[in-house]
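Engineer: just to be clear, the model below is a prediction. Sequence and coordinates:
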Amino acid sequence: MNIAEEIFKKANPAAPAVLHRDAITTYGDLEMRSAFLAEKLSPFLANKPAARIGLSCSDSADYIALAFAILKAGGCFVPLAPEMTEPERQKLTEEVALDLVLQRDKNGEVHIEPIPPRPADPPWIGELKALNPAFIRFSSGTTGDSKGIVLSHCTLLERITAANAGLAISANDRVLWVLPMSHHFAVSIMLYLWHGAAVVLPDSHLPGDILAAAIRHQATVFYAAPFHFESLSGSCADKWPGLRLAVSTTTGLSTETARRFAEIHSVFPAQALGIIECGLPCLNLPLPENLPQSVGRPQTAFEAELRGEPAKLHLRGPGFLDAYLSPWKPRAEILDEDGWFATGDIASIDPESRVVLLGRAAAVIGVGGMKFFPEEVEELLNSHPAVERSRVFGRPHPDFGMVPVAELLLKGNIVPPKPTELFALCRRQLSRHKIPADIRFVDKIPLTPSGKIKRS
C-alpha cells in the first residue's frame, strides 16, 4: 500500500487541494505534479532499498507535491527543516543515511542532489525496508535527546484515521495552515488531504494576513500554535466568519488567550496532545471551555492511564511509531508487553477522563527530597509584565541535591525589573523550595522547532 497513491484514488480531481491568494491547486494538479516529479526521481532510486530522500522546500503547494512525489516513487520522505544549521543538517544526513535531497530554490526550480555513496549500508537497512517506510522525522528533543521516528505507509493510514475521530475533517473543510510543514505533515497535511479538505496558505503569520486568507477562502478550521491564537486575540482583530473548529497544539495555551479568542471569533480553542510517536491521541472536544487547561479525553481508538509517583502518562492505540531509527529499536521494544507507550509526561486524569499535563518527568526538580515542576515557577515568572519567557532548571547543590535557577527573557522597550521584585513575587506565591536561588536575565531562551523550551 502506498498512501500517496491511495489519497489520489479517493480524491475528486477537480476539488481544490491548496489555496493561496488567487491560485487554486486541485487534487488533479497535485497528482500530475507529483507523478511528474516521481518519474524524475525513479532513475536515482534503482538498487536503493527504502531510499531516504530529504526534502528542503518552503511551505507551499510545491512542498506537498514534492513530498508526495517521494512517496509515489517508493522513497521514504525525510523533512529537512529550514531553520537547521549546516552542522545539524550534516548530522541528520549521516544518521538517516540520506540517499538524495530534493531542493526547491527561490526561483521555484527543483534540484535532485545525490548524496555521495557510503562504504556500506547502515546496519538497520534490512529492517527498515521490511516496514515499507514512508516517513522519518525527528522528535522535538525537549531534553536534548532527539530520536528518528519511523512511520510506514500502513501506520500513517492508521494514524490519520484515528486522529480524525474528533476533528471530523471532511471535503467541506478548508484548513488554514500556519505551522511549518517540515514539522507537521504526517498527522495534519496528509490527514486533511486523505479526507478531501483544502489547505489554505496565508501570505504570512501576521494576524491581518491570516484573517484575510480565512475570509477570502472561507476557511473553516484553524490548527495552530498558541502564538497564533494570541495574535488573533487582540482588541483590533476582526471576526473570523465560518470558523467551526480551532485546535491549539505544540505547547500549552493559556486560558486567558483561549477566552479572548472565543469572545472575538465565537469558537473556543480546544487543546490537543500531539506526539510524533503516537499521533493525536487526545483532543479537548466537545466543550473545551469546561476545562480549558486540559488536552482532553483520549480519542475513540486510544486509552490513557497513569503509573507511578509522580503519575506518568501512558498511552495505547493505533498508528504508533514503527521504530526508532538509530540506534534501531522496533515498536515491540518501545511499547510494553501490553502495547502501552510511556510519554514521559506527568499528568492528572479527572473523573470525566480529561487529561491535564503537569510537566515532563525528566524536568522534575528535586530540592531536599521535595519535587516540583519547573512549569509552575515559569508560569508565575511569565505573569510579570516585563517577562517575555522564562526557563527554570535545577542546579546541583552539595546539601540539597538541587536548587532551582531561573533564566528570564525580557520584553523589548520595558524597564527591567529589579531582582528583588521578582524574588518577592516568588516568595508571595511559591513554597520556599520552589523559589529560584538565582535569577538571570538572558538574551535568548532556546526552543525546539515546535516551540517548546529545551530543558538541556
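Structural biologist: Yes, it's here.
Engineer: quick check: residue 43 is in a helix.
Structural biologist: Yes - when the secondary structure is assigned by DSSP: H, G, I helix; E, B strand; the rest coil, residue 43 falls within a helix.
Engineer: got the contact list for it?
Structural biologist: In this structure, residue 43 makes contact with no residue, judged by CB atoms under 8 Å, 6 or more residues apart in numbering. Placement of C-beta: from N, CA and C, glycine included.
Engineer: how about residue 450?
Structural biologist: Contact partners of residue 450, counting by CB under 8 Å, 6+ apart, are 140, 183, 225, 250-251.
Engineer: ok, so of the residues you listed, who is nearest residue 283?
Structural biologist: Ranked by distance to residue 283 (CB to CB), the contacts of residue 450 are led by residue 250 at 14.2 Å.
Engineer: tally of neighbours for the closest one?
Structural biologist: For residue 250, the number of neighbouring residues by other CB atoms under 10 Å comes to 21.
Engineer: I'd assumed residue 274 was in contact with it.
Structural biologist: Yes - in this structure, residue 250 sits in contact with residue 274. The criterion is CB atoms under 8 Å, and the distance is 7.4 Å.
Engineer: got the domain ranges for the chain?
Structural biologist: 1-361, 364-441 (automatic domain parsing).
Engineer: make CSV out of those domains and add distance to residue 452.
Structural biologist: Output for these, formatted as CSV (distance: least, CB to CB, whole Å):
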stretch, distance to residue 452
domain 1-361, 5
domain 364-441, 11
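Engineer: highest mean neighbour count out of those?
Structural biologist: Among the domains of the chain, domain 1-361 has the highest mean neighbour count (mean count of other CB atoms under 10 Å), at a mean of 18.
Engineer: what's the mean pLDDT across that domain?
Structural biologist: Across domain 1-361, pLDDT averages out at 92.
Engineer: what's the spacing between residue 260 and residue 204?
Structural biologist: To residue 204, residue 260 is 21 Å away according to CB to CB, to the nearest Å.
Engineer: after the helix or strand harbouring residue 409, which helix or strand is next?
Structural biologist: For residue 409, the element it lies in under DSSP states H and E is strand 401-410. Sequence-wise, the next helix or strand beyond strand 401-410 is helix 419-429, with elements assigned using DSSP H and E.
Engineer: mind giving me the packing neighbours of that next one?
Structural biologist: Judged by 3 or more CB pairs under 8 Å, 6 or more residues apart in numbering; DSSP states H and E, helix 419-429 is in contact with helix 374-382, strand 438-441.
Engineer: got a list of contacts for the strand holding residue 409?
Structural biologist: Outside of strand 401-410, the residues that reach it under the criterion CB under 8 Å, 6+ apart are 365-369, 374, 377-378, 381, 386-397, 416, 422, 434-445.
Engineer: tilt between that strand and helix 374-382?
Structural biologist: Our comparison of strand 401-410 with helix 374-382, counting by axes from the mean of the first three to the mean of the last three CA atoms, to 10 degrees, yields an angle of 40 degrees.
Engineer: pLDDT averaged over strand 401-410 - what is it?
Structural biologist: What strand 401-410 shows for mean pLDDT is 92.
Engineer: now do stretch 433-448
Structural biologist: If you average the per-residue pLDDT over stretch 433-448, you get 92.
Engineer: can you tell me what sits against stretch 327-345?
Structural biologist: Identification of contacts with stretch 327-345 by CB under 8 Å, 6+ apart yields 123-124, 127-128, 275, 277-278, 305, 307, 312-316, 320-324, 357-362.
Engineer: again, but for stretch 373-392
Structural biologist: 252, 346, 358-360, 363-365, 393, 404-411, 414-417, 422, 425-426, 429-430, 434, 436, 445, 453, 455.
Engineer: repeat that with 6 Å
Structural biologist: Contacts to stretch 373-392, defined as CB atoms under 6 Å, 6 or more residues apart in numbering, come from residues 358-359, 363, 404, 406-411, 414, 417, 429, 434, 445, 453.
Engineer: what do you get for stretch 195-206?
Structural biologist: Residues outside stretch 195-206 that contact it (CB under 6 Å, 6+ apart) are 16, 18-20, 169-171, 173-178, 192, 209-210, 213, 217, 219.
Engineer: go on, stretch 300-313?
Structural biologist: Around stretch 300-313, the neighbours that count as contacts under CB under 6 Å, 6+ apart are 162, 165, 281, 298, 314-318, 343, 345-347, 355, 361.
Engineer: do a quick rundown of the helices in the stretch 201-350 of the chain.
Structural biologist: According to DSSP state H, counting those that start in this stretch, the stretch 201-350 of the chain carries its helices in the segments 207-217, 226-231, 255-265, 331-334.
Engineer: gap between residue 30 and residue 334?
Structural biologist: Distance, residue 30 to residue 334, by CB to CB: 34 Å.
Engineer: please apply the same query to residue 280.
Structural biologist: For residue 280, the distance to residue 334 (CB to CB) stands at 18 Å.
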